[in-house]
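Asks: Generate coordinates for the sequence data below:
(chains A and B)
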Amino acid sequence: MKRPFPIAVSGIGLAHCLSWDELLAGEALRVSRKTDTGELRTLLPGASLRRVPHFARMALLAAVRALRAAGKADSARTALALGTAYGSSEMNMDFMDSVLEHGPRLSSPTAFSHAVNNMGAGMISLLLDIRGPCLTISQFELSFAGALAAGRLLLQSGRADRVLVGAADETDARFAACCPQVAGQGIAQTEGAVFLCLDASRPADVAMDVEWGVAAADDALVLLSGGAQGPGRRNAPVYGHTPLAQALDCCIGISLLRAGATRRVRCSCADIAHKRQAHIVLRS
Amino acid sequence: MPKVAAHSGAASPVAVTGMGCICAAGNSPERVWRAMRAGERPLLPHSALGDGALPFPFCGIGEACFPGKRRHSAADTLALAEYAARAALARAQLPIGTMEAAGVVLGTTAGSALHFIESYAAFKAGLSSGCSDRDDYFAANLALALPIPAKGPRLTVTDACTSGADALGLGMDLIRHGECPCVICGGADALSLVPHTGFARLMIYDDRPCRPFDLRRKGLNLGEGGAVFVLESMEHAGQRGADIIGYLLGYGAGADAYHLTAPHPQGRGLASALREALAEAALDARDMAFVNAHGTGTPDNDKVEGRTLASMLPGVPVWAGKGCTGHTLGAAGALEALLSLVALTQGIVPCSPGFEQPDPETMIRPTTEEAPTRTPFALSTSLGFGGGNAALLLGAVPGREGA
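Replies: Model prediction:
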């Protein structure tokens, strides 16, 4: 029998071409640009960032912002669950370029090691001294739902007192040109990272759960992303076409609950390739 | 309730009711076990991966044994996972209702990476791609694509070389917390030119059969394979009268927070993972029949892992199996947990293929001869890129030895 498990959302961190206020304002995206991670230089020692690729910088910035909002905690009891559809697409394409242009013997070992999907989680763990379990979930549009489900389990099982649950994905022109599957079908492709800092020990203000398969009919405000169908609001015109969509919807949903605009939000997403569905259900 | 479940203070055990595997050493738990005991080193030449492969052998599955036709894409990883899952499900004999309520948690490394180099080469050359590797990547996400009617949570875990172990740990937690009564979990990875080239360029690859923990070790041999478990709650397995193979009793995970590709010198994350797995099962080092070590054969991994095991598990026999299976990446944690459960059930700690000369720096001497197990419990460790560490604690069914 599934047991209810309250979680406190103690911090939210966003690194995106839209600011938090712009995201909540809900106006249509006008300009898609690379995410600015310059602020990291003021938050972490410059030397530590020297070989950190853009994908991990976005994830780091969002994680630092979420942790700052949440306040300090024991790093040995802090865990991480990062959802990423593609990992660092830039490093993956760099490695394939190096094989094709210079041959296997001169291909780039740095690009290869930075292309491994859990590189972002590893960098965050390394630079923010997070020593609990560090998990990466990669399942296209359902990556954040998977990370949230995994992070919730880490708290529920007592493996951590705090877990950073997030999503990160970057844009890469070569990847998008080679793979029509990642293009936005008329909506600008965007990149970024978002993290929620979840605590088991604080009073919960939002109940969060992940449900899989066909959603039960209810009176929730429904936010749709990915291949999800049915009645509901689709925010892609606001934040662009991105595998982060369900994570961004989740942040919007939390904000609406906290403002008292609704009592229940369902962020429904389906992955486009396999048509699997996951619903993040938020209740005040 | 079996005796193994009765330790005071232990978290509830999870029953293993099905297992299936495939790797270079064989296409069933029994065949891989026989190969391990015989000390086989089933390496294929690099040329089996194509003309451009760098000259390092690998533990590959021959064309005759590969399930279906090899496509040199993410579809191969899915094929290995599906083969292992179908074998595990055949053993478990789940009722259809249980199958529909099940979750799927599968780990992979290469299967989740953008390794569609043929399509990308065609794209760069301005040719229309007739290659399928790009489309296979989008169609073969491991947990989402596994063609079984499970409607519970589906998670594709991509924690590099701890993926398979973490998938089993998450599967166990899903059951313990009532998310589903049954989880199909494990890991898979098939090799292609891109990951083989990448590991070779990291200079951690041995051009001869690998020698985990040996003084002369030079690096790893990559392998490929899949290993899948059917896990059930004790209550559910008992109610349906399932034939229980063994138990998953504990899982621990911890990050080094030290370096992206090198382990913490004192094995900080591994020690934490071992402590957690033991505490969860309410057991200690003296209760362990053996520890199945990650033992890749790289100088750094084996030195740190050996020292950590010597300090945390003094006197516990260390068995390293990658000399037979190769390093199967995202499958490794699940494959080695499976072999550990076979070893416990058979009551035998096998020898460690490739290990001959002890290295004083590792502070351990892995098994060189078979020995009987002293207890029904064992640990299996995994270490990975990104500083991840995981430990699984497995238990045999009392009285089932030799089954």
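Asks: Look at residue 184 and give its secondary structure.
Replies: You didn't pick a chain, so chain A it is. The three-state label for A:G184, taken from DSSP: H, G, I helix; E, B strand; the rest coil, comes out as coil.
Asks: my bad, chain B
Replies: Assignment for B:I184 (three-state DSSP): strand.
Asks: From the chain's centroid, how far away is the host helix or strand of A:G151?
Replies: Element membership for A:G151 (DSSP states H and E) is helix A:143-156. On the basis of Cα atoms, centre = their mean, to the nearest Å, helix A:143-156 sits 12 Å off its chain's mean C-alpha point.
Asks: Parallel or antiparallel, list what pairs with the following helix or strand past it.
Replies: The first helix or strand that comes after helix A:143-156 along the chain, using DSSP H and E, is strand A:162-169. Here strand A:162-169 has these sheet partners by DSSP bridges: strand A:78-83 (parallel), strand A:192-199 (antiparallel).
Asks: Let me have these in CSV, extended by mean neighbour count and mean pLDDT.
Replies: C-beta here means a position set from N, CA and C on the backbone, and glycine is covered the same way. Below are the strands paired with strand A:162-169 laid out as CSV (neighbours: other Cβ atoms under 10 Å in any protein chain shown; pLDDT from 0 to 100):
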stretch, mean neighbour count, mean pLDDT
strand A:78-83, 31, 98
strand A:192-199, 28, 97
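Asks: in which helix or strand would I find residue 86?
Replies: Picked chain A for this. Residue-wise, A:Y86 maps onto no helix or strand under DSSP H and E.
Asks: sorry, should have said chain B
Replies: helix B:74-92.
Asks: Give the other helices and strands that that helix contacts.
Replies: strand B:14-23, helix B:133-139, helix B:142-145, strand B:182-189, strand B:225-233 (3 or more Cβ pairs under 8 Å, 6 or more residues apart in numbering or on different chains; DSSP states H and E).
Asks: what about the very next helix or strand once past that helix, average pLDDT?
Replies: Using DSSP H and E, the helix or strand that follows helix B:74-92 in sequence is helix B:96-101. The predicted model assigns helix B:96-101 a mean pLDDT of 96.
Asks: roughly how far is helix B:96-101 from the heart of the chain?
Replies: In terms of Cα atoms, centre = their mean, the centre of helix B:96-101 is set 26 Å apart from its chain centre.
Asks: Please work out which residues outside it touch it.
Replies: B:89, B:148-152, B:180-182, B:232, B:236, B:240 (Cβ atoms under 8 Å, 6 or more residues apart in numbering or on different chains).
Asks: The helix or strand just after it relative to helix A:143-156, how many degrees between them?
Replies: Remark: after helix B:96-101, the chain's next helix or strand is strand B:103-107, criterion DSSP H and E. Orientation of strand B:103-107 against helix A:143-156 (axes from the mean of the first three to the mean of the last three Cα atoms, to 10 degrees) gives an angle of 100 degrees.
Asks: and strand B:103-107, how far out from the chain's middle?
Replies: Worked out by Cα atoms, centre = their mean, strand B:103-107 lies 13 Å from the chain centre.
Asks: hmm, back to that, quickly name whichever of the contacts of helix B:96-101 is closest to A:V99.
Replies: Each of these was checked against A:V99 using Cβ to Cβ; the closest is B:I148, at 35.1 Å.
Asks: Run through the bridge partners of the closest residue to chain A within the stretch 201-350 of chain B.
Replies: Taking Cβ to the nearest Cβ as the measure, the point where the stretch 201-350 of chain B comes nearest chain A is B:A253, at 3.7 Å. For B:A253, the beta-bridge partners under DSSP bridges are B:A390.
Asks: Identify the residues contacting it.
Replies: Contacts for B:A253 were tallied using Cβ under 8 Å, 6+ apart; they are A:132-135, A:159, B:162, B:165-166, B:169, B:273, B:276, B:388-391.
Asks: Could you list which of those residues belong to strands?
Replies: If you go by DSSP state E, the contacts of B:A253 have A:134-135, B:388-391 in strands.
Asks: Quick check: the gap between the residue of chain B positioned farthest from its centre and A:C178.
Replies: Centroid-distance maximum for chain B: B:G126 at 40.1 Å, with Cα atoms, centre = their mean. Applying Cβ to Cβ, to the nearest Å, the value for B:G126 to A:C178 is 12 Å.
Asks: got it, and B:D159?
Replies: 26 Å.
Asks: Please say which of the two ends up with more neighbours.
Replies: When B:D159 and A:C178 are compared for neighbours, B:D159 comes out ahead with 34 against 21, by other Cβ atoms under 10 Å in any protein chain shown.
Asks: would you list every one of the helices in the chain?
Replies: No chain specified, so I'll use chain A. Along chain A, the stretches classed as helices by DSSP state H are A:20-25, A:40-43, A:54-70, A:89-102, A:109-115, A:119-128, A:143-156, A:173-178, A:236-239, A:245-258.
Asks: sorry, should have said chain B
Replies: Going by DSSP H, chain B shows helices at B:29-37, B:74-92, B:96-101, B:117-124, B:133-139, B:142-145, B:163-176, B:193-201, B:234-239, B:268-281, B:299-312, B:322-325, B:332-346.
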